[in-house]
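J.: Let's see this in three dimensions:
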Amino acid sequence: MAQPHCVVYDGHTPVPTDPDPATALAAARAAGGMLWVGLSRPTREQVHELADVFGLEPLGVASALRTHQRSKLDRYGEHLFVVVQPAQYDDAAETVECHEVDLFVGEDFFIAISPDGQVDLEKLRVLLEEHPEVLDRGPYGVLWATFEFVTRGYRDVLDGIEHDIDEIEVQLFGDDDEVSHRIFALQREVIDLGHATAPLPDMLLRLQRIVENRFHVDDAPAFREVADRARYVDARVSAFRGTLDSALTVHSSLVDQRRNEAMQRMTETSLEQNDQVKKISSWAAIGFAPTLVAGIYGMNFRTMPELDWPWGYPFAIALMAAVSAGLYVVFKKNDWL
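T.: Below you'll find the model as predicted:
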């Protein structure tokens with residue numbers, strides 16, 4: 001079980017402190033500074049212990065204990081509860097990995113909790129120390145830096161998705177029917193990313209107003225800048241969804257077109273075969289007429305008509321020719337020949 005990592009900041013200078021949150025908070029308040037607390041894979045008991053030490057609202061604590069939440073911002077008295085979802089893109093698997101981070105922000109403390117332990121909170125804290133001006137502004141400065149880190153991290157994710165969408169657009173006009181599975185899979189990842197990014201513009205707008213009221217200023221340009229980036233990210237995600245929807249529609253149309261072309265070729269082949277059958281049947285009928293006459297007169301019965309008639313043979317030949325010619329004319333007229 002991981003223990004909370006506590007760091008006291010007197011301005012932007014880290015001060016060695018006791019790992020116990022209660023002792024560290026007392027030291028931070030005695031120094032007039034801020035306490036940063038990081039906790040990965042916490043137990044319910046650890047979260048409740050932090051709630052007791054920092055006086056966190058039960059509703060916020062209950063929210064922190066519910067994992068797999070979307071990005072959100074709640075205000076409980078003087079405390080803020082914030083959920084953000086940093087994201088990474090696995091280009092090989094074409095998957096977006098969003099991991100929840102729960103934040104509690106107070107007057108003199110900043111608590112970051114990674115429920116699944118997939119976010120390196122210590123790395124985030126070290127990045128903060130590279131910007132002393134952020135730490136000088138206390139917990140709200142750290143909160144701004146967290147949003148800055150998260151929203152900038154979406155850039156690589158968006159670029160990776162855009163690259164794969166470009167590949168899909170090229171693949172669409174090939175004969176690979178598996179492209180539909182790729183579109184569906186990427187669409188699902190974009191939807192998951194949208195759950196993380198869609199609430200951010202409204203969250204940052206509310207946070208901008210909270211900061212303005214809290215510090216009695218007319219504007220909070222740093223939060224406004226991050227809010228603009230969040231709107232840009234959300235717009236790109238929405239555009240990706242529209243592009244993938246269109247790609248799916250185009251793919252469906254192309255598949256239908258190929259099927260129609262195949263059906264047309266089958267129909268044309270069937271018609272050609274039907275024409276051949278007609279011709280064969282017509283010639284067979286034409287050839288059958290003389291055979292029938294010859295077969296009858298070839299039976300040589302004594303009492304058959306015209307056996308003793310001098311014109312019997314010419315008559316039989318003429319009859320066979322006439323029947324064959326008649327059949328030829330009929331079949332030709334009906335386009336069977």
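J.: Figure out the length between the terminal residues of stretch 74-83.
T.: 9 Å (CA to CA, to the nearest Å).
J.: sec struct for P19, please.
T.: Counting by DSSP: H, G, I helix; E, B strand; the rest coil, the backbone at P19 sits in coil.
J.: from memory it sits against V7, does it?
T.: No. The pair P19 / V7 is not scored as a contact, 9.9 Å apart, by CB atoms under 8 Å. Where C-beta positions appear, they are placed from N, C-alpha and C, glycine not excepted.
J.: Give me the more crowded residue out of these two.
T.: Neighbours were tallied for P19 and for V7 using other CB atoms under 10 Å; the higher tally belongs to V7 (21 against 12).
J.: Quick check: beta-bridge partners of the more buried one?
T.: Following DSSP bridges, V7 is listed with bridge partners W36.
J.: For it, which residues are in contact?
T.: Each residue near V7 by CB atoms under 8 Å, 6 or more residues apart in numbering is listed here: 14-15, 17, 24, 35-37, 125.
J.: Try it again at 10 Å.
T.: Residues near V7 by CB atoms under 10 Å, 6 or more residues apart in numbering: 14-17, 19, 24, 28, 34-38, 110, 122, 125, 128-129.
J.: Need the residues touching each of P19 and V7.
T.: Counting by CB under 10 Å, 6+ apart, the residues touching both P19 and V7 are V37.
J.: re earlier: are any of the contacts of V7 buried, and which?
T.: Among the contacts of V7, those classed as buried by neighbour count (16 or more other CB atoms under 10 Å) are 14, 17, 24, 28, 34-38, 110, 125, 128.
J.: Which residue ranges of the protein form strands?
T.: Remark: strands assigned in the chain by DSSP state E are 5-10, 13-15, 34-40, 72-76, 79-84, 87-90, 95-98, 101-105, 109-114.
J.: Given the second one, what are its sheet partners and their directions?
T.: Sheet partners assigned to strand 13-15 using DSSP bridges are listed as strand 5-10 (antiparallel).
J.: mean confidence score for the strand it pairs with?
T.: Across strand 5-10, pLDDT averages out at 90.
J.: cool, and stretch 177-194?
T.: 89.
J.: List the buried residues in that stretch.
T.: Across stretch 177-194, burial judged by 16+ other CB under 10 Å covers 179-180, 182-183, 186-187, 189-190, 193-194.
J.: repeat for stretch 127-138
T.: Residues of stretch 127-138 classed as buried: 128, 134-135, 137-138 (neighbour count, 16+ other CB under 10 Å).
J.: would you list the residues you listed in a markdown table and tack on distance to Y328 and pLDDT?
T.: Below are those laid out as a markdown table (distance: CB to CB, whole Å; pLDDT from 0 to 100):
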| residue | distance to Y328 | pLDDT |
| --- | --- | --- |
| L128 | 98 | 81 |
| V134 | 99 | 84 |
| L135 | 104 | 85 |
| R137 | 103 | 87 |
| G138 | 105 | 90 |
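J.: Go through those residues and say which is closest to A325.
T.: Nearest to A325 among the buried residues of stretch 127-138, counting by CB to CB, is L128 at 103.8 Å.
J.: can you pull up the bridge partners for C98?
T.: The partner residues for C98, given DSSP bridges, come to A87.
J.: burial of D20, as a residue count?
T.: Using other CB under 10 Å, D20 is surrounded by 15 other residues.
J.: That one contacts P4, doesn't it?
T.: Yes. Here D20 reaches P4: they are 8.4 Å apart, a contact under CB atoms under 10 Å.
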